[in-house]
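[1] Structure of the sequence below:
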Amino acid sequence: MNFSLVNFKLEYAYSLAFYANNEKIANNLRNVFPHPYFYEDACDFIKISENTLTKAIIINEEAVGSISVTPKDDVNSKVAEIGYWLGEPFWNKGIMTEAISEMVKLAFNKYDIIKIYAEPFEDNIGSCKALEKAGFTLEAILKDNIYKNNEIKNSFIYSIFREDLNGKD
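    Model (predicted):
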């Protein structure tokens, strides 16, 4: 399925809110991602994304997801974290794997970093598979690391290094 990664615009707020307002998505993200997800939440997110490496995932002129890479600081200044979500109608179509791969290239070109990592929850199998298909490897299992919806669970650290992309487009 064809998609594009573009900078967010306020005109995407309605579609962003429509696809983000899904408990299955919120259950796999940090608590800062609200549920229910309203138009105002989308507008706020779009405004704060302006000065970051955050892209809308666009299909048929609608924002159906989001992906971002956030550099860390202090002793972690050579590392960045990737985060993302995709509207449920677009799951299991290879979209997120491709989006992750594109964002990794953008981030390594933009930032002076050596590694990008993601931290999916242990039961988010789709996210783990997308990361693996995009070239990430499981680096660590963090036991009892997440408290979400009154439940304690593990999280995983998946990572990719700049050197892993050598010889790739």
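[2] Which stretches in this structure count as helices?
    Here the chain has its helices, by DSSP state H, at 13-20, 23-26, 39-48, 95-110, 125-133.
[3] just checking, L138 touches N154?
    No - under the criterion of Cβ atoms under 8 Å, L138 is not in contact with N154, lying 11.8 Å apart. Just so you know, the C-beta spots here come from the backbone N, C-alpha and C atoms, and that holds for glycine as well.
[4] For L86, see how far away A63 is.
    11 Å (Cβ to Cβ, to the nearest Å).
[5] which residues do these two both contact?
    Y19, I57 (Cβ atoms under 8 Å, 6 or more residues apart in numbering).
[6] May I have stretch 112-132 as PDB, with CA atoms only?
    This file holds the C-alpha atoms of stretch 112-132, laid out as PDB (Å, rounded to 0.1, in the frame of the first residue of the first chain):
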ATOM      1  CA  ASP A 112      25.100  12.900  14.900                       C
ATOM      2  CA  ILE A 113      23.900   9.600  16.500                       C
ATOM      3  CA  ILE A 114      25.200   6.100  16.400                       C
ATOM      4  CA  LYS A 115      22.100   4.200  17.500                       C
ATOM      5  CA  ILE A 116      18.300   4.400  17.300                       C
ATOM      6  CA  TYR A 117      16.200   2.300  19.700                       C
ATOM      7  CA  ALA A 118      12.500   1.500  20.300                       C
ATOM      8  CA  GLU A 119      10.800   0.200  23.400                       C
ATOM      9  CA  PRO A 120       7.700  -1.800  22.500                       C
ATOM     10  CA  PHE A 121       5.700  -3.500  25.200                       C
ATOM     11  CA  GLU A 122       6.100  -7.300  25.300                       C
ATOM     12  CA  ASP A 123       2.600  -8.000  24.000                       C
ATOM     13  CA  ASN A 124       2.900  -5.700  21.000                       C
ATOM     14  CA  ILE A 125       3.900  -8.500  18.600                       C
ATOM     15  CA  GLY A 126       3.100  -6.400  15.500                       C
ATOM     16  CA  SER A 127       5.500  -3.700  16.600                       C
ATOM     17  CA  CYS A 128       8.300  -6.100  17.300                       C
ATOM     18  CA  LYS A 129       7.900  -7.800  13.900                       C
ATOM     19  CA  ALA A 130       7.900  -4.400  12.100                       C
ATOM     20  CA  LEU A 131      11.200  -3.500  13.900                       C
ATOM     21  CA  GLU A 132      12.800  -6.800  13.100                       C
END
